[in-house]
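Trainee: sequence isn't available, so here's the structure alone:
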């Protein structure tokens, strides 16, 4: 156990908590900084169990780490999980520790740090990299990566791609400005997401173009039915459309995956089909002929 001098020094820890579990997994020591970091008094924290303090979704992994650590003398670990504060809220924490049960310390020594700000920044950066800011849908990068993974797992069989274009968008955008255009895109994204079957993924590729990855597609008729559901879901925007003298609708290009297809080929095929749909009069579903 820490000496009186060491304990006094730990009072000055600002963002870290040091605590020790004994062989029976009881907390036999915790630094006074626990009050600053988690809001518990020393006496309160020493009465808590892992089940009471770790978020339920994180418990299985923490339990696995703990069991593995205790089987290895001198073993070390590092984990990230959500820890309950005294006020009932959860904060993301990083914990590192070492198994010193076989030494004079006779415990597992842990150091906990609140990493909520870092976690929030990481999530923000992730959203910027993979999420379209306007619609909240996955962006092109996220869609392509998901399609590549799906194609690898299925070898191209049982998947399909829909490329969706918002007809009449340019007239609305030009007549009423970007604010109205943004509203039209956001409404389109909501309508598109609402028309999907379970397991399908919608994304915004850029501008007024969207894409849908369809999973578990049985045949061309199945993919066409999904395309028609998407086409029919185009939101009613009479105020914008009437004033701009534009017919707002969805044109859809569809491509059914084949064995050995590369994701880029599937996207190009769906894009060619979209061109056919628009050239054929818009507000329709066209299929890629390959």
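Mentor: Yep, that arrived. Note that the structure is predicted; figures quoted are calculated from it, not measured. Numbering: from 1, shown residues only.

Trainee: would you map the helices across the stretch 101-250 of the chain?
Mentor: Along the stretch 101-250 of the chain, counting by DSSP state H, counting those that start in this stretch, helices occupy 116-130, 140-154, 169-176, 178-194, 220-232, 238-244.

Trainee: so which of these is nearest residue 202?
Mentor: helix 178-194 (5.0 Å; CB to CB). C-betas here are computed from N, CA, C, even on glycine.

Trainee: quick one: the strands in this protein?
Mentor: 16-21, 27-30, 76-84, 90-100, 107-114, 159-167, 201-206, 209-215, 249-256, 285-287 (DSSP state E).

Trainee: in stretch 283-290, what counts as buried?
Mentor: 283, 284, 285, 286, 287, 288 (16 or more other CB atoms under 10 Å).

Trainee: buried residues in stretch 161-175?
Mentor: 161, 162, 163, 164, 165, 166, 167, 168, 169, 171, 172, 173.

Trainee: rewinding a little: tabulate the strands of the chain (a markdown table), appending distance to residue 48.
Mentor: Converted to a markdown table, the strands of the chain look like this (distance: least, CB to CB, whole Å):
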| stretch | distance to residue 48 |
| --- | --- |
| strand 16-21 | 10 |
| strand 27-30 | 7 |
| strand 76-84 | 9 |
| strand 90-100 | 14 |
| strand 107-114 | 12 |
| strand 159-167 | 48 |
| strand 201-206 | 41 |
| strand 209-215 | 43 |
| strand 249-256 | 54 |
| strand 285-287 | 58 |
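
Trainee: which of those sits closest to residue 134?
Mentor: strand 201-206 (7.4 Å).

Trainee: how about residues contacting the closest one?
Mentor: With contacts defined as CB atoms under 8 Å, 6 or more residues apart in numbering, strand 201-206 is touched by 132, 134-135, 137-140, 142-143, 146, 163, 185, 189, 192-193, 196, 210-213, 215.

Trainee: can you flag the buried ones in those?
Mentor: Of those, these count as buried by 16+ other CB under 10 Å: 132, 135, 137-140, 142-143, 146, 163, 185, 189, 192-193, 196, 210-213.

Trainee: mind showing which ranges of the stretch 101-250 of the chain have poor pLDDT?
Mentor: For the stretch 101-250 of the chain, applying pLDDT under 70 flags the ranges 238-246.

Trainee: farthest pair in the buried residues of stretch 161-175?
Mentor: That would be 161 and 171, which, of the buried residues of stretch 161-175, are the farthest apart (CB to CB) at 27.2 Å.

Trainee: just confirm residue 83 contacts residue 93, I think it does.
Mentor: Yes - under the criterion of CB atoms under 8 Å, residue 83 makes contact with residue 93 at 4.5 Å.

Trainee: what do the two both touch?
Mentor: Common contacts of residue 83 and residue 93, defined by CB under 8 Å, 6+ apart, comprise residue 112.
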